[in-house]
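K.L.:
model this:
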Amino acid sequence: MTVYRRMPEDGAVVAVASGPLVIMAYGLSAMAYADDTAECWIDGPAGRMSAREARQCLRDWMNRGI
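P.N.:
The predicted model follows:
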């Protein structure tokens, strides 16, 4: 899984971090909270996940005790 961010200055897409989904979801959520105008997402084998979707996955995982 890789977290990407579109840079506001020039629109370039930059890979920010790669790793396990749960760690990338926490990182993406933190980035989105720090800068709510940032365009960030996770790409992986299952497709693209937005910051909102990542936060929902984290809530679901916590509710299941995983």
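K.L.:
CA only for contacts and neighbour counts going forward, please
P.N.:
Fine.
K.L.:
now for the helix or strand of the chain with the lowest mean pLDDT, which elements pack on it?
P.N.:
Of the helices and strands making up the chain, the lowest-confidence element is helix 21-34, at a mean of 80, by mean pLDDT, DSSP states H and E. Contacts defined by 3 or more C-alpha pairs under 8 Å, 6 or more residues apart in numbering; DSSP states H and E place helix 21-34 against strand 2-6, strand 39-44, helix 51-64.
K.L.:
Quick check: which of these is nearest to residue 26?
P.N.:
helix 51-64 (7.6 Å; C-alpha to C-alpha).
K.L.:
ok now that closest one, how far from the chain's centre?
P.N.:
On the basis of C-alpha atoms, centre = their mean, to the nearest Å, helix 51-64 is displaced by 11 Å from the centre of the chain it belongs to.
K.L.:
got a markdown table for the helices and strands packed on helix 21-34, with mean neighbour count and mean pLDDT too?
P.N.:
Output for these, formatted as a markdown table (neighbours: other C-alpha atoms under 10 Å; pLDDT from 0 to 100):
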| stretch | mean neighbour count | mean pLDDT |
| --- | --- | --- |
| strand 2-6 | 19 | 90 |
| strand 39-44 | 20 | 89 |
| helix 51-64 | 14 | 85 |
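K.L.:
and stretch 13-29, how far apart are its ends?
P.N.:
18 Å (C-alpha to C-alpha, to the nearest Å).
K.L.:
Tell me who's in contact with residue 45.
P.N.:
Residue 45 makes contact with residue 1, according to C-alpha atoms under 8 Å, 6 or more residues apart in numbering.
K.L.:
Pull up the gap between it and residue 10, please.
P.N.:
27 Å.
K.L.:
do residue 26 as well
P.N.:
Residue 26 sits 26 Å away from residue 10, going by C-alpha to C-alpha.
K.L.:
And those two? Which one has more around it.
P.N.:
residue 26 (16 against 7; other C-alpha atoms under 10 Å).
K.L.:
In contact with that one, which residues are there?
P.N.:
54, 55, 58.
K.L.:
Convert the C-alpha atoms of stretch 56-66 to CSV, please.
P.N.:
Taking Å, rounded to 0.1, in the frame of the first residue of the first chain, the C-alpha atoms of stretch 56-66 are listed here in CSV:
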residue,chain,number,x,y,z
GLN,A,56,-14.0,4.5,8.4
CYS,A,57,-11.8,1.4,8.1
LEU,A,58,-9.9,2.3,11.2
ARG,A,59,-13.2,2.7,13.1
ASP,A,60,-14.4,-0.6,11.8
TRP,A,61,-11.2,-2.4,12.9
MET,A,62,-11.3,-0.8,16.3
ASN,A,63,-15.0,-1.8,16.8
ARG,A,64,-14.1,-5.4,15.9
GLY,A,65,-11.1,-5.5,18.3
ILE,A,66,-8.6,-6.1,15.5
